[in-house]
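Chemist: Sequence first, then the predicted structure:
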Amino acid sequence: MKHTKELAMAKSKNSVTEYRNYYLPMNFPVLLLSGEHWRISDVPSGRQHFHNCLEIGICHSDSGYMEFFGEPFPFRAGDVTVVPKNVPHTTYSTPGTRSHWTYIFLDSRELFRHILPPAWEKFELYTHTFQDYHPIFSRDEYPHIYTLATAAARNMEEQKFGYQFSVTGLLLSLYIEILRIQLFKSNDAAVTGAANQKTGTKQEADYTLVIAPALDYIEENYMQQFSINHLADLCHWSPTHFRRVFREIMGMSPLDFVNNTRITKACNLLRSTNDSILNISGAVGFCSLSSFNRTFSKVMQVPPRDFRKQIQQSDKNSESQSILEYSGWMYPEK
């Protein structure tokens, strides 16, 4: 499930971006996009896009550029790209080519929630966390990054017995390796004085997504009660201006986006827990069951009780099929 919306950003009327919201199941918040379809044009589109989750890209052929904060970074076959959530970027291939890619999208916080200790929550891949963010990793310089990324993608494609555990371990190793590289580069930049810090700050001020503080806050605090005025304050805007720009960017009002985020979280809980619908409605931030039921039905086109029945039946069918496949693998017919 992906929602895109074109918009005019504050910097320039010619700057266009898209918001892409990927649905990642709570029990295994990883999505693979692969195959011949994923080829990048050689024509710069003039529009950037950003996601609600971390993107890992693997370039299989040709070369080109990725733009972050208006600065082009060259890529070539064998490179692995790492784009944190809510970071606008765009990709285009070298003239006359169409580079081939595989993409992995993941929610690192949810995927590693029961593996990493709470103290690790402060370690997140955000461009504003590092003075010199490094978005592209070449196979020659970082062979271990390429090996881990391609192994994770291969496991996702093949989906052999236990692949989810294998993918989680590979992505955890990859995530830690990237954090180590970024922390090293950030510390090194601080020691050397970061010669390009002033220009980098200006570029970031010019290009950073204008509503990113509000999006980050909603993602972290959707279960709490907060006002639209508070979100506007986070972006240093008046409530009226914030509502207008938010609608232009997201294609919906701030309140609708908050409710959609809460419903997405509720879908995961309905699928992965046996909690009552009443408890789930409160856990995701609704003050009354009637409001939750009404909003859920509007967003999902089905009441929460029916949604739970449908998704549980679907999971049972998938589990039965997996058991049959597993039995056939363990005890093949002679």
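Modeler: Happy to help now that I have it. Numbering: from 1, shown residues only.
Chemist: what's around P213, how many residues?
Modeler: By the criterion of other C-beta atoms under 10 Å, P213 has 16 neighbours. Using the backbone N, CA and C atoms, a C-beta is placed for each residue, glycine as well.
Chemist: isn't there a strand covering Y23?
Modeler: No. Using DSSP: H, G, I helix; E, B strand; the rest coil, the assignment for Y23 is coil, not a strand.
Chemist: what about it, distance to V299?
Modeler: The gap separating Y23 from V299 is 12 Å, by C-beta to C-beta, to the nearest Å.
Chemist: Who's the closest spatial neighbour of R308, skipping the chain neighbours?
Modeler: Nearest residue to R308, sequence neighbours excluded (C-beta to C-beta, 6 or more residues apart in numbering): L270, at 4.5 Å.
Chemist: Surely the one you found is in a helix?
Modeler: Yes. Counting by three-state DSSP, L270 falls inside a helix.
Chemist: mind listing what it touches?
Modeler: I277, I280, P304, F307, R308, I311 (C-beta atoms under 8 Å, 6 or more residues apart in numbering).
Chemist: cool, and C53?
Modeler: With C-beta under 8 Å, 6+ apart, C53 has these contacts: Y22, L24, P29, L31, K85, F105, L106, D107.
Chemist: got it, and A283?
Modeler: M223, A266, L269, D275.
Chemist: Next: R262.
Modeler: Y222, M223, V284, G285, F286, T295.
Chemist: Widest-spaced pair of the residues you listed?
Modeler: M223 and T295 (14.6 Å; C-beta to C-beta).
Chemist: And the two? Which one has more around it.
Modeler: A count of neighbours by other C-beta under 10 Å puts T295 above the other of M223 and T295, at 19 against 13.
Chemist: Name the helix or strand for that one, please.
Modeler: T295 belongs to helix 289-300 when assigned by DSSP states H and E.
Chemist: mind listing what's buried in that helix?
Modeler: Judged by neighbour count (16 or more other C-beta atoms under 10 Å), helix 289-300 contains these buried residues: L289, F292, N293, T295, F296, V299, M300.
Chemist: pLDDT and distance to F257 for those - can I get that in JSON lines?
Modeler: Output for those, formatted as JSON lines (pLDDT from 0 to 100; distance: C-beta to C-beta, whole Å):
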{"residue": "L289", "pLDDT": "95", "distance to F257": "22"}
{"residue": "F292", "pLDDT": "95", "distance to F257": "16"}
{"residue": "N293", "pLDDT": "95", "distance to F257": "20"}
{"residue": "T295", "pLDDT": "93", "distance to F257": "12"}
{"residue": "F296", "pLDDT": "92", "distance to F257": "15"}
{"residue": "V299", "pLDDT": "85", "distance to F257": "11"}
{"residue": "M300", "pLDDT": "83", "distance to F257": "16"}
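Chemist: Residue ranges in the stretch 151-300 of the chain under the pLDDT threshold?
Modeler: Applying pLDDT under 70 to the stretch 151-300 of the chain flags residues 185-209.
Chemist: close enough to count as contact, E157 and I58?
Modeler: No. The criterion here is C-beta atoms under 8 Å, and E157 misses it with I58 at 11.7 Å.
Chemist: Looking at the two now, which is surrounded by more residues?
Modeler: I58 (23 against 13).
Chemist: Confirm that that one sits in a strand.
Modeler: Yes. Judged by three-state DSSP, I58 forms part of a strand.
Chemist: quick one: contacts for it?
Modeler: I58 sits next to D79, V80, W101, T102, Y103, I104, Y146, A149, T150, A153 when contact means C-beta under 8 Å, 6+ apart.
Chemist: could you redo the last one with a cut-off of 7 Å?
Modeler: By C-beta atoms under 7 Å, 6 or more residues apart in numbering, the residues touching I58 are V80, W101, T102, A149, T150, A153.
Chemist: Turn those into JSON lines, columns for neighbour count.
Modeler: Rendered in JSON lines, the data for the contacts of I58 read as follows (neighbours: other C-beta atoms under 10 Å):
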{"residue": "V80", "neighbour count": "25"}
{"residue": "W101", "neighbour count": "22"}
{"residue": "T102", "neighbour count": "22"}
{"residue": "A149", "neighbour count": "26"}
{"residue": "T150", "neighbour count": "17"}
{"residue": "A153", "neighbour count": "20"}
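Chemist: export those to a markdown table and tack on secondary structure and distance to W237?
Modeler: Putting these into a markdown table (DSSP: H, G, I helix; E, B strand; the rest coil; distance: C-beta to C-beta, whole Å) gives the following:
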| residue | secondary structure | distance to W237 |
| --- | --- | --- |
| V80 | strand | 36 |
| W101 | strand | 36 |
| T102 | strand | 38 |
| A149 | helix | 38 |
| T150 | helix | 43 |
| A153 | helix | 40 |
